[in-house]
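[1] Pasting the sequence and the predicted model now:
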Amino acid sequence: MQYSLIDRLRIWRDRKLAQPAFQRWAADSWFTRREAARRARGLFDITAGFIYSQILYACVKLDLFDKLADGPQSAAELADHMKMDVEAADRLLRAAVAIDLLERRGPERYGLGKLGIAMPGNPGIAAMVRHHHMLYHDIDDPLALFRGELEETETGHYWSYAGSLDPAADGEERIAEYTTLMSTSIGFVAEDALDAYSLKDHKCLMDIGGGEGRFVSKVAERWPHLQLKLVDLPAVAERATKNFAEQGIGDRATAHGCNVKKGELPKGADVVTLVRVILDHNHDGAMEILRAARSALEPGGTLLIIEPMSEAPGAEPVGDAYFGLYLLAMGSGRTRPPRMLKQMVEEAGFGEARLVRTRRPIQTRLLVARAV
Ligand SMILES: C[S@@+](CC[C@H](N)C(=O)[O-])C[C@H]1O[C@@H](n2cnc3c(N)ncnc32)[C@H](O)[C@@H]1O
């Protein structure tokens, strides 16, 4: 193998850094010890990450964050609720303190920690954590997952449309769980996207893959002048219709059931949204959806893709590590860097694609394009 000068310099540096003697020196030296400690801690955190996740999972299953939001409590006070003896309760609570989910309040009691404080106000995070039990199962042997040796995955079963030949045939019982999870977790995504892009100058919005309509409801609250359409698989669209009626927006929000990749989409929208949809699909499926979106719009119409993306500065582990494995376990889709999405939307008949800044790119990025 031929290496460039820069490669050879890096190989020399990597060998130097890998030497235990060098690492001892770096950990002792005043000049390097902070960085050495930071790296040692970073590697340990990755090594122990599965245990940290289980501590969070246990706290969520026990509703500890909601309970402690009402005021600090001791292990003795919580043990009955946690259905374990006081010593075990204390061990779990201490573990949660160590990873900043909880914090000590005096010698005996525990309250919300600097990370746990975000949990009570965001039921979407707890819902995501609860459904991770499927992933624990699917990534038990990560190499089998990467090598495509798993015949079935729990995550693929849960997201019933992933890899299905006829997702439109799914009935209520297959879609109920995932639609509820999506609704519970849409809050911040909708808020950040709607703060980043004004719909003031639009007349009619169509949300493709809109689930049971929570995003459309948020749009309806914020922009009362807009007509609203939603498209999703028939059993999902039925739930949206019911929700729109219950929320009193049935006169301006309608839901249409069809397989977007095959069906004819309603016309009349001047802006189409795809919220957490494209990442679920492999290239061909994603292109079918983008082309369907294009055919539903007149030239000049607007497309908004709202989803986590790959290579988000500062949020790389979310797009590339978390969703990378999640979508592999699901059996379909990938997160994409904005440049790849831009290319795809251009291929589907859109131009002027640009990324719009959002408040929390870790979960929500926004790409806007115009139909040409
Ligand atoms: C990850 S969910 C996102 C739901 C919603 N946009 C949100 O962010 O909460 C993907 C949605 O796409 C829908 N979907 C998947 N494949 C579809 C297809 N071929 N035709 C229509 N809808 C589809 C699913 O039913 C689901 O509601």
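    On my side now, so go ahead.

[2] Every contact and neighbour count from this point should use C-alpha atoms.
    Will do.

[3] counting contacts, what elements does the helix or strand of the chain with the lowest mean pLDDT pack onto?
    Sorted by mean pLDDT, DSSP states H and E, the helices and strands of the chain end with helix 316, the least confident at a mean of 87. When contacts are defined as 3 or more Cα pairs under 8 Å, 6 or more residues apart in numbering; DSSP states H and E, helix 316 packs onto no helix or strand at all.

[4] helices or strands up against the longest helix seen in the chain?
    Criterion DSSP state H: the longest helix present in the chain is helix 33-61. Counting contacts by 3+ Cα pairs under 8 Å, 6+ apart, helix 33-61 is packed against helix 20-28, helix 86-98, helix 123-131.

[5] Please tabulate the ones you listed in a markdown table, including the columns distance to D63, mean pLDDT and mean neighbour count.
    Converted to a markdown table, these look like this (distance: least, Cα to Cα, whole Å; pLDDT from 0 to 100; neighbours: other Cα atoms under 10 Å):
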| stretch | distance to D63 | mean pLDDT | mean neighbour count |
| --- | --- | --- | --- |
| helix 20-28 | 40 | 93 | 14 |
| helix 86-98 | 13 | 98 | 18 |
| helix 123-131 | 9 | 93 | 17 |
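
[6] Let's have the ones you listed in TSV, adding distance to E238.
    Compiled in TSV, the helices and strands packed on helix 33-61 are given as follows (distance: least, Cα to Cα, whole Å):
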stretch	distance to E238
helix 20-28	61
helix 86-98	41
helix 123-131	23
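
[7] In TSV, list these along with distance to the ligand.
    Formatted as TSV, the helices and strands packed on helix 33-61 follow (distance: least, Cα to the nearest ligand atom, whole Å):
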stretch	distance to the ligand
helix 20-28	44
helix 86-98	30
helix 123-131	11
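
[8] hmm, back to that, the least confident helix or strand of the chain: how far from the chain's middle?
    For helix 316, the gap between its own C-alpha mean and the chain's C-alpha mean amounts to 13 Å (Cα atoms, centre = their mean, to the nearest Å).

[9] Not counting its own residues, what contacts that helix?
    S310 (Cα atoms under 8 Å, 6 or more residues apart in numbering).

[10] pLDDT on the longest helix of the chain, on average?
    Averaging pLDDT along helix 33-61 yields 96.

[11] Show me what counts as buried in that helix.
    For helix 33-61, burial by neighbour count (16 or more other Cα atoms under 10 Å) applies to 33, 36, 52, 55-60.

[12] Following that helix in sequence, what is the next regular element?
    The helix or strand immediately downstream of helix 33-61 is helix 64-69, counting by DSSP states H and E.

[13] Output the contacting helices and strands for the next helix or strand after that next one.
    Going down the chain from helix 64-69, the next helix or strand is strand 73-74, by DSSP H and E. For strand 73-74, the contact count by 3+ Cα pairs under 8 Å, 6+ apart identifies strand 109-112 as packing neighbours.

[14] circling back to that earlier point, which one of the helices and strands packed on helix 33-61 lies closest to I249?
    I249 lies closest to helix 123-131 among those, at 23.9 Å (Cα to Cα).

[15] So what's the gap between that closest one and the chain middle?
    11 Å.

[16] Do a quick rundown of the strands in the stretch 101-250 of the chain.
    102-105, 109-112, 204-208, 227-232 (DSSP state E, counting those that start in this stretch).

[17] so which of these gets nearest S185?
    Short answer: strand 204-208, nearest of these by Cα to Cα, at 16.6 Å.

[18] so for the closest one, what's the average pLDDT?
    Strand 204-208 comes out at a mean pLDDT of 98.

[19] before we move on, the earlier item: mean neighbour count added to the strands of the stretch 101-250 of the chain, as a markdown table?
    Compiled in a markdown table, those are given as follows (neighbours: other Cα atoms under 10 Å):
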| stretch | mean neighbour count |
| --- | --- |
| strand 102-105 | 20 |
| strand 109-112 | 23 |
| strand 204-208 | 24 |
| strand 227-232 | 24 |
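
[20] Quick one: distance of stretch 60-73 to the chain centre.
    24 Å.

[21] how far does that stretch stretch from start to finish?
    16 Å (Cα to Cα, to the nearest Å).

[22] same thing with stretch 316-324?
    10 Å.

[23] Please identify the buried residues of that stretch?
    318-320, 323-324.

[24] could I get those as a markdown table with distance to G268 and secondary structure?
    Supplementary listing: the buried residues of stretch 316-324 in a markdown table, determined by distance: Cα to Cα, whole Å; DSSP: H, G, I helix; E, B strand; the rest coil:
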| residue | distance to G268 | secondary structure |
| --- | --- | --- |
| V318 | 36 | helix |
| G319 | 33 | helix |
| D320 | 36 | helix |
| F323 | 34 | helix |
| G324 | 36 | helix |
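
[25] of these, closest to the ligand?
    Distances from the ligand to the buried residues of stretch 316-324, taken as Cα to the nearest ligand atom, are shortest for F323 (11.9 Å).
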